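Undergrad: Turn this into a structure:
(4 chains)
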There are 2 protein chains.
Amino acid sequence: MSDLEDITLKLEARGYRITPSRRAVIAAILQQQKQFTADDLATRCRGAGRATFFRTLRLLTDLGVVCRVLMEDGSPRYLVSRRGHHHHLVCTECGAVQDLDQCAVAGALREVADASGYEIEGHWLELYGRCASCRSRVKIAV
Amino acid sequence: MSDLEDITLKLEARGYRITPSRRAVIAAILQQQKQFTADDLATRCRGAGRATFFRTLRLLTDLGVVCRVLMEDGSPRYLVSRRGHHHHLVCTECGAVQDLDQCAVAGALREVADASGYEIEGHWLELYGRCASCRSRVKIAV
DNA sequence: TGCCGTCTTGATACTTTGTCTCACTGAGAC
DNA sequence: GTCTCAGTGAGACAAAGTATCAAGACGGCA
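TA: From the prediction side, this is the model:
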């Protein structure tokens, strides 16, 4: 089953209609090799209007098909996602984003909850650094 | 020593001038009891123009006097900060923000760095949940 | 087939949160 | 006095959405 079909099935299962506009947005997203800005995609996706484009993007984010990554300067990027709850490692040099399999804070959260009296319902974690290939490139250059 | 003096000294130590506009922004920030939006503060702070206001806010953020908190919906808030590196616990019900003393992820970061080959330079963590008082209020209501 | 309610769309205006530019000002150095 | 430079404010611009609203498409039902 293709990714496109997979996503449309997910949408239909939730009672959303599969319209040409939505299909166009999904296809444009699936073409992206790495992370992209909303603007990137909007210009590439001629099959839907601006409002529809953002609506569909939000819909897919809610569905977990796409996830939002905050870069170090606070600007948002989007990324096709094929897993549930996870975090990101963002390379500040080349902009590459790597998924983090395990949730690095799950254990620590329980302690925080106990200490603070909060009932923790969610969290947001992004890690920033330099990826292995950027690090080796600098070593060679030096 | 008052907070205002404390902050102006920090600015002077870095070679920044203490101007009436900067003083007005700092005073407005210190009046805030809890977290605030940029807009909140800008309307309250009549002593400086919009650009100057944002410049000063950024300056204070860089200086660590103010810190930026991302709410669950992605909207930014600001908060007077009296400590170094720390994270926030945000109550999704009343909007209260509590500082987290320890960095909950410091240990986990080393493991992630080893596993991924990244050199981790920074991270961003926010926790969302319901604070103790909101939880007890619901219990009473039920 | 026609009707009705609901979902979806696209154009467009608007909002929020900043940043950029540029002419001007004021303070300190010489 | 004048030169330099940090700082200022007005206003334009930008990114990333959101809100509104009329119009169209679609599905169910009689």
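Undergrad: From now on I want contacts and neighbour counts done on CA atoms only, so please keep to that.
TA: OK.
Undergrad: Tell me where chain A has strands.
TA: Per DSSP state E, chain A carries strands over the ranges A:66-70, A:76-80, A:87-91, A:97-100, A:119-130.
Undergrad: buried ones in stretch A:106-122?
TA: For stretch A:106-122, the neighbour count (16 or more other Cα atoms under 10 Å in any protein chain shown) marks A:109, A:112-113, A:116, A:118-120 as buried.
Undergrad: if we can go back for a sec, between the strands of chain A, which one is nearest to residue A:22?
TA: Of all the strands of chain A, strand A:66-70 sits nearest to residue A:22, with 13.7 Å by Cα to Cα.
Undergrad: what's in contact with stretch A:90-110?
TA: Residues from elsewhere that reach stretch A:90-110, judged by Cα atoms under 8 Å, 6 or more residues apart in numbering or on different chains: A:34-35, A:71-72, A:85-89, A:120, A:126-131, A:134, B:104-105, B:108-109, B:112.
Undergrad: Would you mark the buried spots in that stretch?
TA: In stretch A:90-110, counting by 16+ other Cα under 10 Å, buried: A:90-92, A:95, A:97-98, A:100, A:104-105, A:109.
Undergrad: measure the residue found closest to residue A:66 once you drop the neighbours it is linked to in the chain to DNA strand D for me?
TA: The shortest distance from residue A:66 to any non-neighbouring residue, by Cα to Cα, 6 or more residues apart in numbering or on different chains, is to residue A:80 (4.5 Å). Residue A:80 sits 14 Å away from DNA strand D, going by Cα to the nearest atom of the strand, to the nearest Å.
Undergrad: near DNA strand C, which residues of chain A show up?
TA: Neighbours of DNA strand C within chain A, by Cα under 7 Å from any atom of the strand: A:15-22, A:47-53, A:55-56.
Undergrad: Can you pull out the low-pLDDT segments for chain A?
TA: Counting by pLDDT under 70, chain A contains low-confidence ranges at A:1, A:138-139, A:141-142.
Undergrad: Which residue ranges of it form helices?
TA: Along chain A, the segments classed as helices by DSSP state H run A:3-13, A:20-31, A:38-44, A:50-63, A:106-116, A:132-141.
Undergrad: Give me whichever of the ones you listed is most buried.
TA: Across these, averaging neighbours per residue (mean count of other Cα atoms under 10 Å in any protein chain shown) puts helix A:20-31 on top, at a mean of 18.
Undergrad: contacting residues around that one?
TA: Looking at helix A:20-31 with Cα under 8 Å, 6+ apart, the contacting residues turn out to be A:3-4, A:8, A:41, A:44-48, A:52-53, A:56-57, A:80.
Undergrad: make it 6 Å
TA: Residues from elsewhere that reach helix A:20-31 (Cα atoms under 6 Å, 6 or more residues apart in numbering or on different chains): A:45, A:47-48.
Undergrad: which of those residues tops the neighbour count?
TA: Per-residue neighbour counts (other Cα atoms under 10 Å in any protein chain shown) across the contacts of helix A:20-31 peak at residue A:45, which has 19 neighbours.
Undergrad: Let me see the contact set for it.
TA: Listed by Cα under 6 Å, 6+ apart, the contact set of residue A:45 reads residue A:28.
Undergrad: mind running it again at 10 Å?
TA: Neighbouring residues of residue A:45 by Cα atoms under 10 Å, 6 or more residues apart in numbering or on different chains: A:21, A:24-29, A:39, A:53.
Undergrad: and DNA strand D, which of these contact it?
TA: Among the contacts of residue A:45, the residues within reach of DNA strand D (Cα under 7 Å from any atom of the strand) are residue A:39.
Undergrad: who's the nearest residue to residue A:123 once chain neighbours are set aside bridged to?
TA: Spatial nearest neighbour of residue A:123, excluding adjacent residues (Cα to Cα, 6+ apart): residue B:127 at 4.3 Å. Residue B:127 forms beta bridges with residue A:123, residue B:89, as assigned by DSSP bridges.
Undergrad: Tabulate the CA atom coordinates of stretch A:76-88 in PDB.
TA: Below are the C-alpha coordinates for stretch A:76-88, written out as PDB (Å, rounded to 0.1, in the frame of the first residue of the first chain):
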ATOM      1  CA  PRO A  76       8.600  25.900  12.600                       C
ATOM      2  CA  ARG A  77       9.400  23.200  10.100                       C
ATOM      3  CA  TYR A  78       7.300  20.200   9.100                       C
ATOM      4  CA  LEU A  79       8.300  16.600   8.700                       C
ATOM      5  CA  VAL A  80       6.600  13.400   7.500                       C
ATOM      6  CA  SER A  81       6.300  11.200  10.500                       C
ATOM      7  CA  ARG A  82       5.800   7.400  10.500                       C
ATOM      8  CA  ARG A  83       5.800   6.800  14.300                       C
ATOM      9  CA  GLY A  84       4.000   7.800  17.400                       C
ATOM     10  CA  HIS A  85       5.400   9.900  20.200                       C
ATOM     11  CA  HIS A  86       9.000  10.800  19.600                       C
ATOM     12  CA  HIS A  87      11.400  13.700  19.700                       C
ATOM     13  CA  HIS A  88      13.900  15.300  17.300                       C
END
